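Student: this one's structure only:
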């Protein structure tokens with residue numbers, strides 16, 4: 001597939017609007033559709049119905065929430081050209097991506113599961129993306145020359161979503177733990193010291209530390225259970241709900257009972 005000349009964007013929220021605006025600025029004919037009362041990015045032709053927005057598009061980008069992904073695909077299924085690439089950018093479970101891929105395949109459309117791997121607000125169209133599915137290579141050929149860095153992640157829908165969500169388990173979990181720790185630190189009037197401690201640990205972390213944390217957990221699980229129980233009691237005393245701390249305690253108890261739950265890190 002050659003570079004996209006006409007792109008339809010379903011969903012003009014923060015991410016969709018930024019990508020659509022960047023495409024228009026790059027000289028692409030961009031057509032947009034969103035039933036919500038949101039602003040239309042400069043250079044984008046806004047349509048009141050999804051069918052006209054998708055007609056004659058080379059690529060359709062569905063930048064919606066997961067709950068709206070199926071509707072986005074089916075709302076204009078008959079209007080999307082059969083040689084077009086339909087790209088679903090929702091952050092959604094792999095099973096949903098596979099279901100969308102089957103719908104697109106039965107309709108004769110090329111489908112690609114796209115996972116945006118950074119916050120779109122800064123880089124916009126240049127947000128790094130993973131693409132998987134039968135039309136992943138066509139998507140890369142259509143979008144890479146326009147400025148989107150696309151990495152091929154396999155020929156099956158759900159591959160890109162799987163990779164993104166595995167990263168999300170760590171990144172979003174880390175944010176939640178830091179927030180809970182800092183809420184308690186504020187309550188204890190130790191915010192500055194605790195923040196400096198967290199920053200120091202993270203900036204000094206390397207693979208050797210990560211390996212020690214993982215491989216040492218089964219051996220020290222019992223002791224760490226007691227430590228986290230004490231931490232949970234402290235948070236409760238400070239008036240902070242120990243959500244993440246309690247979850248860590250539960251996780252450690254399971255590992256204490258079954259050390260095989262901890263996988264060996266890759267060599």
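Tutor: Cool, the structure landed. Keep in mind that this is a model prediction, so the values were computed, not measured.

Student: just the element for residue 113, please.
Tutor: strand 110-116 (DSSP states H and E).

Student: please state the offset of that strand from the chain centre?
Tutor: Averaging C-alpha positions (CA atoms, centre = their mean, to the nearest Å) puts strand 110-116 12 Å from its chain's average.

Student: what's it in contact with?
Tutor: Here strand 110-116 makes contact (CB atoms under 8 Å, 6 or more residues apart in numbering) with 15, 61, 83-89, 91, 94, 97, 100-101, 104-105, 127-136, 138-139, 150, 153, 157-161, 163-164. C-beta: built from backbone N, CA, C; applies to glycine.

Student: now, which of the residues you listed lie within strands?
Tutor: 61, 85-88, 129-132, 150 (DSSP state E).

Student: quick one: the strands in this protein?
Tutor: Here the chain has its strands, by DSSP E, at 6-10, 29-33, 44-46, 59-62, 85-88, 110-116, 129-132, 150-152.

Student: just name the most buried of those strands.
Tutor: Among these, ranked by average contacts under mean count of other CB atoms under 10 Å, first place goes to strand 85-88 (a mean of 29).

Student: give the rounded mean pLDDT of that one.
Tutor: In this model, strand 85-88 has a mean pLDDT of 98.

Student: mind listing the helices for the stretch 151-267 of the chain?
Tutor: Assigned helices in the stretch 151-267 of the chain, in chain order: 159-187, 191-204, 207-237, 243-257 (criterion: DSSP state H, counting those that start in this stretch).

Student: what's the first-to-last distance across stretch 45-60?
Tutor: Stretch 45-60 has an end-to-end distance of 14 Å (criterion: CA to CA, to the nearest Å).

Student: mean confidence score for it?
Tutor: Average pLDDT, stretch 45-60: 96.

Student: list the buried residues in that stretch.
Tutor: 46-47, 50, 53-55, 57-60 (16 or more other CB atoms under 10 Å).
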